[in-house]
Each structure stands twice: as structure tokens, then as C-alpha cells.
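1. attaching a predicted model along with its sequence, questions to come.
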Amino acid sequence: MHRGAVGAALLFVRHAIRHARDDGLGVAFAWIARAVAPWLRRPARDPGERAAERLLRALGYAIEARNWRSPRDPRDEADLIARTPDGRTLVIIEVKRAAGPWDALERVDTRKKEVLWRLLRDFEDAAAEAGPREAAPRFPRAVRSVSSIRVDLVGVRGEGRTASATRHVVGVFERSVRRGRGRPP
């Protein structure tokens, strides 16, 4: 038996030919469409993050990145990175979703706050090192021109298409950017 991708492709073609021979072209085509469909679909975005993004866009924020991972530690992830309407502040946004009547933001625990603080410090370092014309590698370009960085939380209630942002907490953490002098204390 063949191994790897070539073997899988040969097995797929054999099954398609068998279906065409035994069941007809219509059944073979339907089998191929069902077999290939999962590979063609784009992964669905989280409905809570989409609801939070709609809220932020309505407030005038510009979305810079989604599901951004830190180059220092890929386990540290920000759900959304946005710029405030005036363009002076870069915002790291954590989205929490709850399907029931409880407050989704109660799910932001100490560990997640530590992750958000590390992300804020990563962005602060990148902004301090990046000049107005040069970009910090693997960071959104907006990091070059902001004067402060903050962390916001967005609570979302509901599931699927019914998800809607219910609460936006501004400025959980906030730091000013000091350019060219490294990390402030």
C-alpha cells in the first residue's frame, strides 16, 4: 500500500472510479463533492468575535488584526487588534462570550489578564523600537504611529447568528509609547 499524500490520492481516485462504475456518474459526483467539501470550506470565524467586531466598527474603530499571536510566545493570543477612531491608540481586545444570562466578562480570569498584560508589553516594545517609517516585524503596521496602547474587553451574549456584543470595558490596562528608549519601567 502507498503511503502519504500519493497513497491517499490514489485511494480517493479508486473510490471515485468504483462509484462511477457501480452506481453511475451522478452518485460518483455526489460522493466526490461530499468528500472534497470540508477541504474547500474556509474555517468559520467565532460568532462572538464577529459580534464584537461589528460593535467596534460601529464605534469607529479600525480592525488591524484578528487572532493575532505573539512572536515571543505563540500561546499568547489577542482576539482582535484595533485602532481607536482618532488613530492614536492601539487596542488589544479580548472577547468573551456567554450563552446564558450571566456576565461573559466574569470569565476573564487572572491567567488571561497576565496574558493580556504580556501582549500589551510586547506591543509596547515593538512600538518603542519601530520608527515612523519602519515596521516592527510580525506586528500590525499601526504600531508605528500610535501614542498609547491599551487592553479592552468585549462581552458577547448569545450563540451563532444571534450573538450580540453587550458590554465594552475600555482601558483594563493602558501604557504610553516612548519611542527609541526601550521599555519604560
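-> Sure thing, it's come through.

2. show the secondary-structure elements that the worst-scoring helix or strand of the chain on mean pLDDT is packed against.
-> Across the helices and strands of the chain, mean confidence by mean pLDDT, DSSP states H and E is lowest for helix 25-40: a mean of 76. Counting contacts by 3 or more CB pairs under 8 Å, 6 or more residues apart in numbering; DSSP states H and E, helix 25-40 is packed against helix 4-23. C-beta: built from backbone N, CA, C; applies to glycine.

3. in the helix it packs on, which residues are buried?
-> For helix 4-23, the neighbour count (16 or more other CB atoms under 10 Å) marks 19, 20 as buried.

4. what separates the residue positioned nearest the centre of the chain from residue 156, distance-wise?
-> In the chain, the centroid-proximal residue (CA atoms, centre = their mean) is residue 67; its distance is 1.8 Å. Using CB to CB, to the nearest Å, residue 67 is found at 15 Å from residue 156.

5. for residue 179, same thing?
-> Counting by CB to CB, the separation of residue 179 from residue 156 is 35 Å.

6. in the chain, which ranges drop under the pLDDT threshold?
-> 1-5, 38-44, 130-137, 180-185 (pLDDT under 70).

7. all helices of it, in order?
-> Assigned by DSSP state H, the chain shows helices spanning 4-23, 25-40, 47-58, 110-129.

8. I'm done for today, thanks for sticking with me.
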